[in-house]
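Colleague: From the sequence below, what's the structure:
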Amino acid sequence: MITLHNAVCGYAGIPVLSGVSLSVQPGEMVGLLGPNGSGKTTLLLTLSGVLPPLAGEMRIHGNDCAAMPPAVRARHLASVPQRMGEPPDMEAFSLVLMGRYPHISFLGGYTEQDRRIALAAMEETGTAHLAHRSACTLSGGEFQRVLIARALAQQTECLLLDEATSGLDIARKVEIFDLLRQRTGHDMHNNGNGQTLHDRQNGHADRDGQTKQRVAVIAAIHDLNLAALYCHRLVLLKNGRVVRDGGVNEVFTQAILSEVYETRIHIVPHPVTGAPQACLVPGRTGKAGLPVAADMADATDTQNAARSLDPAPVPMAAGTGGKTHA
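Modeller: This is a model prediction of the structure:
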């Protein structure tokens, strides 16, 4: 559906990412992972069409994205930014209704169906009770959910999210990721192989029992464990390059994550879903001069004995973005 081929992505002629080739199909939930400054936001801006590739090409259904009028591109792609500046002084419902703009006819206005779709998106994101509140009076988390509702109301084939749930509490974060996962046509949580107990192959039913087409979700996520729970596929970035692209169990390993994030990470299975989860070990980082790669699961007996003296791994709680708090 959406394809980047040997793309160079950047700003004002200055490359941030190089040699990026990526193809995403409907039904996939793809997590973009990597340290700060690795290029996740730049990649999403390129995929959205806001930043045309400096080199290479981007295509949607085989068509050159650069040649598409913005309104046509907006029927295929919807974006939720990491931050949007100050919320506008307008009703939250009107803001969500703007997601229907690519679908209105020439010289036409919003229809009753557009309004129903916008309200349904607010109900799905738990923001319907905020419909008549001014967006500038909402909390950061409430406003972010309104932006997600606007993207859902756009009814596109692909959703692009840049840490869109980073400001949400744990319960709301899980609700949104459950919803996104359902939009791909899959239920429940990831088992690490990109499969779930109730995967559906052709689409998902809305509240009226009508089948909706599956969508693609591409999300930059700082919370590693959340990504491993929900995504079918992970794309790992570092130093302006895609260093790994594959299934959760392929990418989410002790060796790979410890090397990319330059800190010691221990992988354990989720007690319910079995998906791999990352635990941090305080005080031991690659930058401190300790060999990260030498402390993997297949370490020698001597290394295992030394590890027994280390502090216990600290689970990374959802919503902390991988940080621990005293």
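Colleague: Quick check, Gln154 in contact with Pro102.
Modeller: Yes: in this structure Gln154 lies within contact range of Pro102 using Cβ atoms under 8 Å: 6.6 Å. (Each C-beta comes from the backbone N, C-alpha and C, glycine too.)
Colleague: what helix or strand does Gly31 sit in?
Modeller: Taking DSSP states H and E as the criterion, Gly31 maps to strand 29-33.
Colleague: swap that for Ser21, please
Modeller: strand 14-24.
Colleague: hey, where'd the strands end up in the stretch 201-326 of the chain?
Modeller: Secondary structure of the stretch 201-326 of the chain (DSSP state E, counting those that start in this stretch): strands located at 203-205, 211-213, 216-220, 233-238, 241-247, 263-269, 276-285, 314-315.
Colleague: and Ser48, which of these is closest to it?
Modeller: strand 216-220 (9.6 Å; Cβ to Cβ).
Colleague: List of residues touching the closest one?
Modeller: The contact list for strand 216-220 (Cβ atoms under 8 Å, 6 or more residues apart in numbering) reads 1-2, 24-32, 40-41, 43-44, 47, 82, 157-164, 180-181, 183-184, 227, 231.
Colleague: Averaged pLDDT, it. What do you get?
Modeller: Averaging pLDDT along strand 216-220 gives 98.
Colleague: swap in stretch 55-74?
Modeller: Stretch 55-74 comes out at a mean pLDDT of 92.
Colleague: Equivalent analysis for stretch 153-163, please.
Modeller: 97.
Colleague: Now find how far off-centre it is within its chain.
Modeller: Its chain's average C-alpha position is 10 Å from that of stretch 153-163, according to Cα atoms, centre = their mean, to the nearest Å.
Colleague: For the closest residue to Tyr230 other than its chain neighbours, give me phi and psi.
Modeller: Nearest residue to Tyr230 in three dimensions, chain neighbours excluded: Phe177, at 4.8 Å (Cβ to Cβ, 6 or more residues apart in numbering). Torsion angles at Phe177 (phi, psi; degrees, to the nearest 10) stand at phi -70, psi -30.
Colleague: Val8 too?
Modeller: Per degrees, to the nearest 10, the backbone of Val8 is at phi -110, psi 120.
Colleague: does it really touch Ala55, like I thought?
Modeller: Yes: Val8 is within contact range of Ala55, at 4.0 Å (criterion: Cβ under 8 Å).
Colleague: These two: who's more crowded?
Modeller: Val8 (17 against 12; other Cβ atoms under 10 Å).
Colleague: distance of that one from Leu33?
Modeller: Relative to Leu33, Val8 is positioned 21 Å away (Cβ to Cβ, to the nearest Å).
Colleague: Kindly report the same for Gly108.
Modeller: On the measure of Cβ to Cβ, Gly108 and Leu33 end up 42 Å apart.
Colleague: wait, doesn't Val16 sit right on Gly10?
Modeller: Yes: the pair Val16 and Gly10 qualifies as a contact (Cβ under 8 Å) at a distance of 4.3 Å.
Colleague: what's near enough to touch the closest residue to Met98 other than its chain neighbours?
Modeller: Nearest residue to Met98, sequence neighbours excluded (Cβ to Cβ, 6+ apart): Arg150, at 6.2 Å. Contacts for Arg150 (Cβ under 8 Å, 6+ apart) come out as 78, 80, 95-96, 98-99, 121.
Colleague: And the next helix or strand past the host helix or strand of Arg150?
Modeller: Assigned by DSSP H and E, Arg150 falls within helix 140-153. Once helix 140-153 ends, the next helix or strand along the chain (criterion: DSSP H and E) is strand 158-162.
Colleague: Against which helices or strands is that following strand packed?
Modeller: helix 40-48, strand 77-80, helix 140-153, helix 170-183, strand 216-220 (3 or more Cβ pairs under 8 Å, 6 or more residues apart in numbering; DSSP states H and E).
Colleague: Tell me the strands beside that strand, with direction?
Modeller: Partners of strand 158-162 in the sheet, by DSSP bridges, are strand 77-80 (parallel), strand 216-220 (parallel).
Colleague: how about TSV for those strands, with distance to Ala67 and mean neighbour count added?
Modeller: Shown next, in TSV, are these (distance: least, Cβ to Cβ, whole Å; neighbours: other Cβ atoms under 10 Å):
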stretch	distance to Ala67	mean neighbour count
strand 77-80	15	23
strand 216-220	21	24
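Colleague: Can I get those in JSON lines including distance to Ala71?
Modeller: What follows is the strands paired with strand 158-162, written out as JSON lines (distance: least, Cβ to Cβ, whole Å):
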{"stretch": "strand 77-80", "distance to Ala71": "12"}
{"stretch": "strand 216-220", "distance to Ala71": "20"}
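Colleague: Alright, that wraps it up for me.
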